[in-house]
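Q: have a look at this fold, sequence not included:
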């Protein structure tokens with residue numbers, strides 16, 4: 001094992017470089033804390049896969065997701081944060097000085113901020129990867145306004161799917177809900193909202209076999225069951241929104257920090273986790289809002305909490 005040296009010792013290590021991690025880095029470095037950000041193979045999180053972001057404050061004409069992330073990374077570096085484009089392979093968060101590893105290389109810090117985010121659960125069907133960001137999305141709040149007067153489909157049958165479908169009717173002329181069962185899993189209140197909305201049509205007992213289109217989404221190939229019979233048909237749509245859940249990127253911290261039943265990090269108070277000196281920010285905890293601005297806000301909170309905690313330890 002490579003031994004830790006002074007160059008590998010930090011006040012704060014941040015794992016993750018989406019809006020949460022980079023905002024935490026800006027605040028942490030600005031507080032004169034020696035700060036290291038592990039960006040992963042590429043920085044920016046999910047916003048690197050988006051095009052125009054219209055709902056991040058300060059950009060009247062909107063901003064491209066990758067540009068927003070690159071500017072935030074540059075701002076963090078200008079404040080003094082170091083960036084390492086490396087993937088963390090394991091952690092040891094139990095000691096006073098927390099250990100973070102990239103292979104055999106060891107880094108230590110008095111504080112670790114967890115900002116690895118989550119990723120949308122995918123269908124894993126043909127066309128999904130190729131058309132991601134070109135008609136396939138997992139965020140109606142982010143991308144719904146692009147579908148004014150269009151026809152879209154929401155995949156799922158829970159509360160999130162119902163909320164997305166209802167929200168999308170503000171823009172789209174028609175919203176299909178594609179659900180693999182013959183009844184929704186959403187709450188009664190959300191079911192009522194969907195059933196009472198004339199713009200929403202539910203396609204029951206249906207599974208997506210393929211997302212169709214070349215440069216952009218043009219339709220869905222569905223397998224629809226009716227008793228023992230099954231037919232395959234194409235449904236023309238302009239956009240597809242996945243609402244089948246998110247998967248938290250919490251594998252490397254499982255067993256070190258308390259997680260909920262879905263694998264998201266629990267908080268004890270504000271951004272404090274179950275381990276002293278370990279804080280969380282963004283979608284790794286928040287599976288309710290999952291917006292760039294709320295992630296950034298929590299990144300700010302985590303850095304301020306970390307600074308306060310370090311001051312208390314010094315006292």
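A: Okay, I see it. Bear in mind that the values here come from a model prediction, so they are computed numbers and not experimental data. Residues are numbered from 1 along each chain as shown.

Q: switch to C-alpha atoms for all contacts and neighbour counts from now on
A: Fine.

Q: neighbours around residue 60, how many?
A: Residue 60 is surrounded by 9 other residues when neighbours are defined as other C-alpha atoms under 10 Å.

Q: what separation do you get for it and residue 148?
A: Applying C-alpha to C-alpha, to the nearest Å, one obtains 19 Å for the distance of residue 60 from residue 148.

Q: got any ranges where this protein has weak pLDDT?
A: 1-6, 42, 49-51, 314-315 (pLDDT under 70).

Q: which residue ranges of it form helices?
A: Listed from the start of the chain, the chain has helices (DSSP state H) covering 19-30, 65-78, 140-143, 159-168, 188-195, 292-314.

Q: deepest of the ones you listed, which one?
A: Ranked by mean neighbour count under mean count of other C-alpha atoms under 10 Å, the helices of the chain are led by helix 19-30, which reaches a mean of 29.

Q: leaving out chain neighbours, which residue sits closest to the residue sitting nearest the centre point of the chain?
A: Within the chain, the residue whose C-alpha comes closest to the C-alpha centroid is residue 118; the distance, by C-alpha atoms, centre = their mean, is 4.2 Å. Closest residue to residue 118 apart from its sequence neighbours, by C-alpha to C-alpha, 6 or more residues apart in numbering: residue 248 at 4.0 Å.

Q: quick one, what contacts the one you found?
A: By C-alpha atoms under 8 Å, 6 or more residues apart in numbering, the contact set of residue 248 is 116, 117, 118, 119, 262, 263, 264, 283, 284.

Q: and the two most separated of those?
A: Maximum pairwise distance among the contacts of residue 248 (C-alpha to C-alpha): 15.1 Å, between 116 and 262.

Q: which one's more surrounded, the two?
A: For residue 116 and residue 262, the more surrounded residue by other C-alpha under 10 Å is residue 116, and the numbers stand at 27 against 10.

Q: relative to residue 180, how far out is the nearest residue in space to the more buried one that is not next to it in sequence?
A: Beyond its immediate neighbours in the sequence, the residue positioned closest to residue 116 (C-alpha to C-alpha, 6+ apart) is residue 16, lying 4.5 Å away. Counting by C-alpha to C-alpha, the gap from residue 16 to residue 180 is 34 Å.

Q: and the two? Which one has more around it.
A: Looking at residue 16 and residue 180 with other C-alpha under 10 Å, you find the greater number of neighbours at residue 16, namely 28 against 19.

Q: these two touch, right, the more buried one and residue 40?
A: Yes - the pair formed by residue 16 and residue 40 meets the contact definition of C-alpha atoms under 8 Å, at 6.6 Å.

Q: ok, residue 243 - contacts?
A: For residue 243, the contacting residues are 138, 154, 155, 156, 157, 158, 160, 161, 164, by C-alpha under 8 Å, 6+ apart.

Q: contacts only, for the last one.
A: Each residue near residue 164 by C-alpha under 8 Å, 6+ apart is listed here: 140, 141, 154, 243.

Q: hmm, try it at 10 Å
A: 138-141, 144, 153-156, 175, 177, 194, 241-243 (C-alpha atoms under 10 Å, 6 or more residues apart in numbering).

Q: show me where the stretch 201-315 of the chain has strands.
A: Counting by DSSP state E, counting those that start in this stretch, the stretch 201-315 of the chain has strands at residues 206-213, 217-226, 229-236, 239-242, 246-248, 278-280.

Q: winner for burial among those?
A: Highest mean neighbour count among the strands of the stretch 201-315 of the chain (mean count of other C-alpha under 10 Å): strand 278-280, with a mean of 28.

Q: other residues contacting it?
A: Contacts of strand 278-280 (C-alpha under 10 Å, 6+ apart): 12-15, 20-21, 24, 93-94, 98, 110-117, 256-257, 265-273, 286, 298-299, 301-303, 305-306, 309.

Q: now the residue nearest to residue 82 when sequence neighbours are not counted: how far from residue 20?
A: Counting by C-alpha to C-alpha, 6+ apart, residue 82 lies nearest to residue 36, which is 4.8 Å off, once chain neighbours are set aside. Distance check for residue 36 against residue 20: by C-alpha to C-alpha, it reads 14 Å.

Q: next: residue 139.
A: With distances taken as C-alpha to C-alpha, residue 139 is found 17 Å from residue 20.

Q: got a list of what residue 223 touches?
A: So, once contact is read as C-alpha under 10 Å, 6+ apart, residue 223 ends up touching 180, 205, 206, 207, 208, 209, 210, 230, 231, 232, 233, 234.

Q: many thanks, we can stop here.
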